[in-house]
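> Next comes the sequence, and after it the predicted model I'd like to discuss.
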Amino acid sequence: MHESHSMLRWRHGEPPREERDALAVEALLELRIQGRALSVTMRTPGYDPELAAGFLLSEGLIRSKDDMHAIDTCARDVEGNVVNIYLKPHVAVGFASLTRHVFASSSCGLCGKATIDAVHSHFEPVASPLQLPADLLLGLPEKVRAAQATFEQTSGLHAAAVFDERGDLVIVREDVGRHNAADKAIGYALLQGLLPLDHHVLLVSGRASFEILQKALAGRLALVAAVSAPSTRACEFAHGSGQTLVGFLRLSRLNVYSYAHLRPSAGVRRHARLQHQTVRLRL
């Protein structure tokens, strides 16, 4: 979603010109469970039920779409910025423990070993026989760019995309926040009954943070790739979760940061650029 705004464009050697520019929309979204406030986030409007479902899954509040009765927008909120999730009676939520939203986001710098241990207590490591050649991975960013309609107009959105083991695009979602984009993509898979995604790849624009790996683990994704750098906590988390973590996935190069399930050819070093190797996840 984007809106047109006026601006003054200046180029060296030319007089300034007043023009219109397309900007990505950013708006508040409040998530509620049974009418009780759970979380507030800034997001790009659109696919809000997917964002809500993905958020609840990654926080360990639900395990499947069968845990939810309905996801509705609040009728009294005319702008559609409040989403209410109704859980089935067998799903219990301890709101007292959610005052800090269960797990701290790495984007705020609060993530530590205790946070990682808390996530691993909810989600077991991934076990997957997935095998993907590096050449297949190298072709994924261009497929995402081709599917990013709003990015082409605004250059202001992050993307998260899920691919199958053939490199076919399953879903791509855009948002001003890369965590929201991941929630939307994984939430789509949840609502469509596609979980577990242990034969799929999650590709995100920007960097790979702890929270991105956390969300991928909730969706059972064994391989996470980012076009930029991973954080130290993301690497630590990936090693403990059985996930292969790929960073700097660009053009003809990539770096692999989690080797727990990678069998490189002889002579390939950790964090080295790999070409024509096979990323292999063991059982």
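Perfect, thanks for sending it.
> And the most centrally placed residue in the chain, its phi and psi?
Closest to where the C-alpha atoms of the chain average out (C-alpha atoms, centre = their mean) is residue 182, at 2.2 Å. Backbone torsions of residue 182, given as degrees, to the nearest 10, read phi -70, psi -40.
> Return the distance of it relative to residue 134.
Here residue 182 is placed at a distance of 23 Å from residue 134 (C-beta to C-beta, to the nearest Å). Every residue, glycine included, has its C-beta placed from N, CA and C.
> cool, residue 120 as well?
Using C-beta to C-beta, residue 120 is found at 28 Å from residue 134.
> neighbour count winner among the two?
Between residue 120 and residue 134, residue 134 has the larger neighbour count (other C-beta atoms under 10 Å), namely 19 against 15.
> Find the least confident helix or strand in this protein, judged by mean pLDDT.
Least confident helix or strand of the chain, by mean pLDDT, DSSP states H and E, is strand 278-280 with a mean of 45.
> which residues in the protein form strands?
Under the criterion DSSP state E, strands of the chain are mapped to 2-9, 17-24, 27-33, 36-43, 68-73, 82-87, 131-133, 158-164, 169-175, 200-204, 223-226, 244-250, 253-256, 278-280.
> ok, and which of those has the densest surroundings?
Compared across the strands of the chain, strand 223-226 shows the largest average neighbour count, a mean of 28 (mean count of other C-beta atoms under 10 Å).
> For that strand, the averaged confidence score.
Rounded to a whole number, the mean pLDDT of strand 223-226 is 94.
> what number of residues lie near the residue lying closest to residue 198 once chain neighbours are set aside?
Spatial nearest neighbour of residue 198, chain neighbours left out: residue 128 (4.2 Å); criterion: C-beta to C-beta, 6 or more residues apart in numbering. Counted with other C-beta under 10 Å, residues neighbouring residue 128 total 23.
> Quick check: residue 128 touching residue 200?
No. Using C-beta atoms under 8 Å as the test, residue 128 is too far from residue 200 to be in contact (9.3 Å).
> Identify the contacts common to those two.
The contact sets of residue 128 and residue 200 overlap at residue 222 (C-beta atoms under 8 Å, 6 or more residues apart in numbering).
> tell me the contacts of residue 63?
Shown in contact with residue 63 (C-beta under 8 Å, 6+ apart): residue 57.
> from the chain's centre, how far out does stretch 31-38 sit?
Relative to the mean C-alpha coordinate of its chain, stretch 31-38 is positioned 22 Å out (C-alpha atoms, centre = their mean, to the nearest Å).
> just stretch 170-190 next, same as before
Worked out by C-alpha atoms, centre = their mean, stretch 170-190 lies 6 Å from the chain centre.
> Could you shift the numbering so residue one becomes 38, and keep it that way?
Yep, numbering from 38; the last one is stretch 207-227 now.
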